[in-house]
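Novice: heads up, no residue letters with this:
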């Protein structure tokens, strides 16, 4: 009887610990994602990641990275993920004056969209030599014409990121609708506050950055960005910071 009670107590303790550390043995998971292959990502982000021992996901698109391929190849070799964000970043044009008619998703078919995504995969493999990566829906849009292309994404990628600001526990996440917090103008304290919420909820938190210290209308200051990354590095024994590919594949195994 005593032995049975002891075993039951150990099992309860084990389950409690695992419930509190569901993310690769950590309290929560945080993914830093950066969209559109901006020059400031190579200038301001990659060096800071390297100095703190952190890794992120960079979603390359618009072929804007063509002049700096060697630098992107080096970033990938250091453990960062180069994610698929299509070749030309097509979005739904309604309400977005900056979307060119040729790249309005209302004018696309699913076949055209998937052909573009497949070609982006070929290009990215030529840069980093890898066949596995995640996808980010341009503008968060999931339809080409009137048809969803999400099913085709499921066939090609272990996970896909959207733009809905939400953090979820590991048992509640659709790996093909991973939420992300769009960052534009928040302070360092606000960014750290989001991480603390994820720690309390034992959730996945994905940051979606564009400009970092400039380079885009959606921008975060260098100081705020640095404060966030330093906090993540300081909490390295509690927070799992990883590229989205690593997190998506971990979720699938669970």
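Specialist: Nice, thanks for sending it over. Every value quoted in this text rests on a predicted model; they were computed, and no experiment measured them. Numbers count the residues shown, from 1 in each chain.
Novice: which residues in this protein form strands?
Specialist: 28-35, 57-60, 81-84, 135-136, 143-144, 147-148, 160-161, 168-169, 181-182, 203-209, 211-212, 219-220, 239-241 (DSSP state E).
Novice: and residue 232, which of these is closest to it?
Specialist: Ranking the strands of the chain by proximity to residue 232 (Cβ to Cβ) places strand 239-241 first, at 5.1 Å. Glycine gets a C-beta too; all of them are placed from N, C-alpha and C.
Novice: touching that closest one from outside, list them.
Specialist: 23-32, 54-55, 195, 198-199, 232, 247 (Cβ atoms under 8 Å, 6 or more residues apart in numbering).
Novice: among those, which are in helices?
Specialist: 195, 198-199, 232, 247 (DSSP state H).
Novice: tell me the one among those residues nearest to residue 172.
Specialist: Relative to residue 172, and with distances defined as Cβ to Cβ, the nearest of those is residue 198, at 13.3 Å.
Novice: go ahead and confirm the closest one touches residue 205.
Specialist: Yes - Residue 198 lies in contact with residue 205 (Cβ atoms under 8 Å); the separation is 3.9 Å.
Novice: for this protein, where's the lowest mean pLDDT among helices and strands?
Specialist: helix 2-20 (a mean of 47; mean pLDDT, DSSP states H and E).
Novice: picking up where we left off before, now render the ones in helices among the contacts of strand 239-241 as CSV, adding distance to residue 111 and neighbour count.
Specialist: CSV is the format used below for the ones in helices among the contacts of strand 239-241 (distance: Cβ to Cβ, whole Å; neighbours: other Cβ atoms under 10 Å):
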residue, distance to residue 111, neighbour count
195, 41, 21
198, 38, 22
199, 43, 17
232, 41, 21
247, 30, 28
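Novice: ok, of those, which one's closest to residue 73?
Specialist: Nearest to residue 73 among the ones in helices among the contacts of strand 239-241: residue 247, at 22.8 Å, using Cβ to Cβ.
Novice: ok, now how distant is the closest one from residue 140?
Specialist: As judged by Cβ to Cβ, to the nearest Å, residue 247 and residue 140 stand 19 Å apart.
Novice: same check, this time on residue 132
Specialist: 23 Å.
Novice: between the two, which is the more surrounded one?
Specialist: The neighbour comparison of residue 132 against residue 140 (other Cβ atoms under 10 Å) goes to residue 140, with 17 against 11.
Novice: quick one: contacts for the more buried one?
Specialist: 162-164.
Novice: of those residues, closest to residue 254?
Specialist: residue 162 (20.5 Å).
Novice: pretty sure the closest one is touching residue 137, no?
Specialist: Yes - counting by Cβ under 8 Å, residue 162 does reach residue 137; the two are 5.6 Å apart.
Novice: how near is residue 82 to residue 111?
Specialist: 25 Å.
Novice: who has more neighbours, those two?
Specialist: residue 82 (25 against 13).
Novice: how about the contacts made by that one?
Specialist: Taking Cβ under 8 Å, 6+ apart as the test, what residue 82 contacts is 57-58, 60, 72, 75-76, 124, 127-128, 130, 133.
Novice: pull the most distant pair out of the residues you listed.
Specialist: 57 and 127, at 14.3 Å, using Cβ to Cβ across the contacts of residue 82.
Novice: between the two, tell me which one has more neighbours.
Specialist: More neighbours surround residue 57 than the other of residue 57 and residue 127, with 25 against 16 (other Cβ under 10 Å).
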